[in-house]
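> Just a sequence and a predicted model for now, questions to come.
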Amino acid sequence: MDFFERFAVPHPSFAIYASMVAIGLTVVAVLAGLTYFKKWGYLWREWLTTVDHKRIGIMYLISALLMLFRGGVDAIMMRAQLSAPDLKLLDAQHYNEIFTTHGIVMILFMAMPFIMFFMNFVIPLQIGARDVAFPRLNALSFWLFFMGAMLFNISFIIGGSPDAGWTSYFPLAGNEFSTSVGTNYYMIAIQIAGIGTLMTGINFITTILKMRAPGMTLLKMPMFTWSAFIANVIIVFAFPVLAVLLAMGTLDRQFGTNFFTMDNGGMDMLWANIFWVWGHPEVYILILPAFGLYSEIISTFARRNLYGYKSMVGSMVLISLLSFLVWAHHFFTMGQGALTNSIFSITTMAIAVPTGVKIFNWLLTLRKGKIVITTPMLYSLLFIPLFTLGGVTGVMLAMSAADYQYHNTMFLVAHFHNVIIPGVVFAMLAGLTYYWPKMFGFMLNERIGKWTAWLLSIGFILSFMPMYITGLDGQARRMFTYSESTGFGPLNMVSFIGAGIMAIGFVLIVYNIYYSTRYASRNISNDPWDARTLEWATHTPVPEYNFAITPQVNSIEAFWDMKKKGHVIFKGEYEKIHMPNNSGIPFIMSCIFFVWGFSFVFSLWIPVIVTTIGIFVCMALRSFENDHGRYISVEEIEETETRLRGA
Amino acid sequence: MSELFPLKQVMGFVFSLILTAVALSVYFFNLSFSTGMIILLVTAFLQAGLQLVVFMHAGETEDKGAIYTNVYYGLIIALMTIFGTLLVLVWDM
Ligand code: HEM
Ligand SMILES: [Cu+2]
C-alpha cells in the first residue's frame, strides 16, 4: 500500500475529489464513445498520425480552447474567493495551487498553442508552401506539447498540484518549503512541452527562410509571417534557457544539488534571474504573432495596404534584440543597486518605443481606410486603446524607483492582464473568427461574435481596472483573502462581476461554434473577407497539398494584386506533388515521454530508465527508416481541383 | 597533392589539441583562480570558433552570411545575459 500512498493528494477537498470522478468519467466516456462509434481507426489515420500542418494546427486549436477553459475556471474560483473580505471558499493552500496552475496553463498551455495553431495553419499557406520544412518534427512538437500539458493538468488529482506561483521562485519552490511532488510536475511537464516548442521554433525558421514561394523576398512576406518569424527566433534563443533552468531546478529538488538553495553556496536569486531571462522574451513571443494577426486583419478591413511596412518589420527586429535586455525589471526590488536598476529601467522604456511605432502604424492604416466593422475588426479596434493602456502602465512599472510601490501588488496583475487579454487573447479570438471559414468552410455568426467581443471588453474593464486602484492602495497579489477594514471589498466585487461577464463571453464563443455549425451557410467563396494574402488564394476546404500550382509572387499583397491588378500568380501546368507520409512515431514517442515524465515526477527510476530507452529506440527507428514520402499524381490533382472548383 | 592532403583540417586538429592541452594545464599548475579562469575562457572560445569554422564548415557554403549573423546574434545575447547577470547578482549587490 505504501507504494500507492505517494499518489494521494496531500491537501484534498471535495472539489478535487469531484474533479477526479469527473475526469475519470470523461475518459471512460471518450474511450467508450470511440469504440461504440468505431472511430479508433479514423482517429489514428486522420489525426494521431497526421503530419499535415493544417490538421496539426487544428489539434493545437482544440488543446488551446480546452486549456482556456481550465485556466478560466481557475480564474473564476480566484475572483470568487476574493469577491468579498474574509471569504472561505478556498483556503490558502488551494488558492496557491490555483494561481500557480492558472498562470502556467494560460501562458504555456493556452496562449502558446493558440499561437502555434496560427503559425501551423496560416504560415505555409501564406508563403505558398506545401507544408512546413520538417512535417514529422512538427507532429512531434505538437504531441510533446500535448503530453506536457496533460501531465501538468493531472497534477492536482495525482500527487498534488504545484503551488509556488507560475514563476516558481526558490527557495519557496525548493524541497524545504514545497514538499509535495507538485513542483516536480512543474519542472518536468514544462520541460517536455518546452522541448516541443523549441523544435517548433527551428521548424518554422527553416520553413520561412527556405520554403517561400518564388518571388517572395523577405521584404515581400506578409506581416503575420514576419511576426511569427521573429517570434520563432526569440523562441530558439529563449527556450534553451528555460530548459536549462528547469533541469537545474529538477537537479536541486530530486538529486540534491545546490544551485538555488540558501546554503552550500547556492543562490536562490539565480532562479529569479534565469527565469526572467527566459520569461521576458516569452511575453514577446506571445505578443508578436498577435501583432502580426492584427496587422493582417486591420489592413484587410481597412481595405488598404498596411501603413509603414518596413518600420513594422524594423521595430520587430529591434524588439527581438531588446526583449533580451530588460529581464531584471521583474525584480527591481530584489536588492541590487541603483545603477543596475537604472540600466534596466532605461532598456525597458526603450522597448516601449518600437511597440509604440506599431500602434501608430495601425492608426495610420486606419486613417485613410474604408473601415468595415466585422468581428475580427471589432476585436482589433478594441485592442488598440485597451492595449495602449497596458503599455502605459508598463512604462510606469519600468521606473525602478516607482516600482517599489507597485511590485507584487494588484497593480502589476492589472498591467499584465491588460497587455495579455486585449493584446494576445483578443488577437487569438479575432484570428480564430478570421480564419474559421478557411478551416471549416463556413463563417462564425457575426452577431454573436460582436456580442462576444463587447462582453469580453466590458468584462475585462470591470474586472481589471479596479485592480489598478486596489493595487495602488496596497492590495498584494497572491493573497488568498483580506480583512474588511482594508476597504478592498467593493472593488473586488466589481472585479468578480467583470470576471463573470467575461465568462459569459467565453461561453458565447462555444455557443457561436455550435450555432454556426448548425445554421451557417456552407455556400461561401474561397475568399469571404475579400482579403489580401496568399492563404485566401487556394480553395476552401484547403486541399492537402495547399496549392495545385506553386504561386509566383512579385508584390507584398500578391493575392490582392491578382484580384485587382490582374497579376497572374498561378502559372504553368499541374505536376505531380511530393508529400510526406503519415507516421505514428511522434505520437508513440510522446506517449512514452508522458510515462517518462510521470515516473520522473515520482522518482520511480526503473520506469524512467525503461522509457528513456524507449525514447531512444523511437529516435533510432526514425534514423534508420527509409521513407521518401509519396507522390500525388496529376490525375488526382485534376480530380480534386475540379471537385473543389465545382462546389 | 594539395587536393588530397587536407592541410586545413590537419592544422585545425593539431591546433585544437594544443588548445586542449593548454586548458588542461590549468589543472596541473598552481595558478590563481582568475588566471586559470581566463585561460579556460580564452581557450574555450577559440576552441568553439575553431570547431565551427574548420570542422563544421561554417563559411564554406553560400548561406554563410546567415550562419555568421546567427552566431554573432547568439554571442551578443549570451554576453549581454552573462554580464547582465553578473551585474545584478555580483557586481552591484
Ligand atoms: C510597453 C511595453 C511594456 C513594458 C514597459 C512592461 C513593463 C513591465 C514591468 C516593469 C514589469 C514588472 C513589474 C513588477 O514586477 O513590479 C512587467 C510585468 C509583466 N509584464 Fe510587462 N511590460 C510591457 C509589455 C508587456 C507585454 C506586451 C506583455 C505580454 C504580452 C507583458 C507581460 C507581463 C507579465 C506577464 C508580467 C508579470 C509577470 C509576473 O510577475 O508574474 N508586458 N511588465
Ligand atoms: Cu518583462
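Noted; the coordinates are in hand. Ligands and ions are numbered 1, 2, ... in the order given.

> Only C-alpha atoms from now on, for both contacts and neighbour counts.
Fine.

> Next, the buried residues of stretch A:539-551.
A:539-540, A:542-543, A:545-551 (16 or more other CA atoms under 10 Å in any protein chain shown).

> Mind picking the lowest-pLDDT entry from these?
Among the buried residues of stretch A:539-551, A:Thr540 carries the lowest pLDDT, at 86.

> Run through the residues of the stretch 301-450 of chain A sitting next to chain B.
Proximity of the stretch 301-450 of chain A to chain B, by CA under 8 Å from any CA of the partner chain, involves residues A:321, A:324-325, A:328, A:335-337, A:339-340.

> let's see 7 Å
Listed as neighbours of chain B in the stretch 301-450 of chain A under the rule CA under 7 Å from any CA of the partner chain: A:324, A:335-337, A:340.

> for chain A, same thing?
A:324, A:335-337, A:340.

> All the strands of chain A, residue numbers only.
With strands called from DSSP state E, chain A shows them at A:577-579, A:630-632.

> Highest mean neighbour count out of these?
Of the strands of chain A, the one with the most neighbours on average (mean count of other CA atoms under 10 Å in any protein chain shown) is strand A:577-579, at a mean of 16.

> what are the pairing partners of it, and which direction each?
Strand A:577-579 pairs in its sheet with strand A:630-632 (antiparallel), by DSSP bridges.

> Can you name the residue of the stretch 151-300 of chain A nearest ligand 1?
Ligand 1 sits closest to A:Val283 of the stretch 151-300 of chain A, with a gap of 4.3 Å, by CA to the nearest ligand atom.

> any idea how far A:Leu172 is from A:Asp268?
9 Å (CA to CA, to the nearest Å).

> These two: who's more crowded?
The residue with more neighbours, out of A:Leu172 and A:Asp268, is A:Asp268; 20 against 16, by other CA atoms under 10 Å in any protein chain shown.

> what ranges of the chain fall below the confidence cut-off?
No chain specified, so I'll use chain A. A:1, A:647 (pLDDT under 70).

> you looked at the wrong chain, it should be chain B
Filtered on pLDDT under 70, chain B yields the residue ranges B:1-2.

> how about the residues of it that lie near chain A?
B:77, B:87-88, B:92-93.

> Highest neighbour count among these?
Result: B:Val88 is most packed of those (other CA under 10 Å), 25 neighbours.

> and that one, what does it touch?
Shown in contact with B:Val88 (CA atoms under 7 Å, 6 or more residues apart in numbering or on different chains): A:336, A:340.

> Now do it against A:Val51, distance only.
45 Å.

> Give me the nearest residue to the closest residue to chain A within chain B, chain neighbours excluded.
Of all residues in chain B, B:Met93 sits closest to chain A, at 4.6 Å by CA to the nearest CA. Closest residue to B:Met93 apart from its sequence neighbours, by CA to CA, 6 or more residues apart in numbering or on different chains: A:Gln336 at 4.6 Å.

> ok, now A:Trp560?
A:Arg532 (4.5 Å).

> ok, back up a step: between which two of the residues of chain B next to chain A is the distance greatest?
Spanning the widest gap among these are B:Ile77 and B:Met93, at 22.4 Å by CA to CA.

> all helices in the stretch 101-250 of chain A, in order from the N-terminus.
A:112-126, A:135-154, A:182-210, A:223-255 (DSSP state H, counting those that start in this stretch).

> Redo these as TSV? Include distance to B:Leu40 and mean neighbour count.
Shown next, in TSV, are the helices of the stretch 101-250 of chain A (distance: least, CA to CA, whole Å; neighbours: other CA atoms under 10 Å in any protein chain shown):
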stretch	distance to B:Leu40	mean neighbour count
helix A:112-126	39	26
helix A:135-154	37	25
helix A:182-210	30	23
helix A:223-255	22	22
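
> What's the separation between the spatially closest residue to A:Ile384 that is not a sequence neighbour and ligand 1?
Nearest residue to A:Ile384, sequence neighbours excluded (CA to CA, 6+ apart): A:Ile359, at 7.1 Å. Separation of A:Ile359 from ligand 1 (CA to the nearest ligand atom, to the nearest Å) stands at 11 Å.

> What subset of the residues of chain A next to chain B is buried?
A:324, A:336-337, A:340.

> What residues does chain A have near ligand 1?
A:283, A:286-287, A:329-330, A:348-349, A:352, A:391, A:394-395, A:397-398, A:403, A:406-408, A:412, A:416, A:419-420 (CA under 6 Å from any ligand atom).

> change it to 5 Å
Applying CA under 5 Å from any ligand atom, one finds that chain A approaches ligand 1 through A:283, A:287, A:329-330, A:352, A:391, A:394-395, A:397-398, A:407, A:416, A:420.
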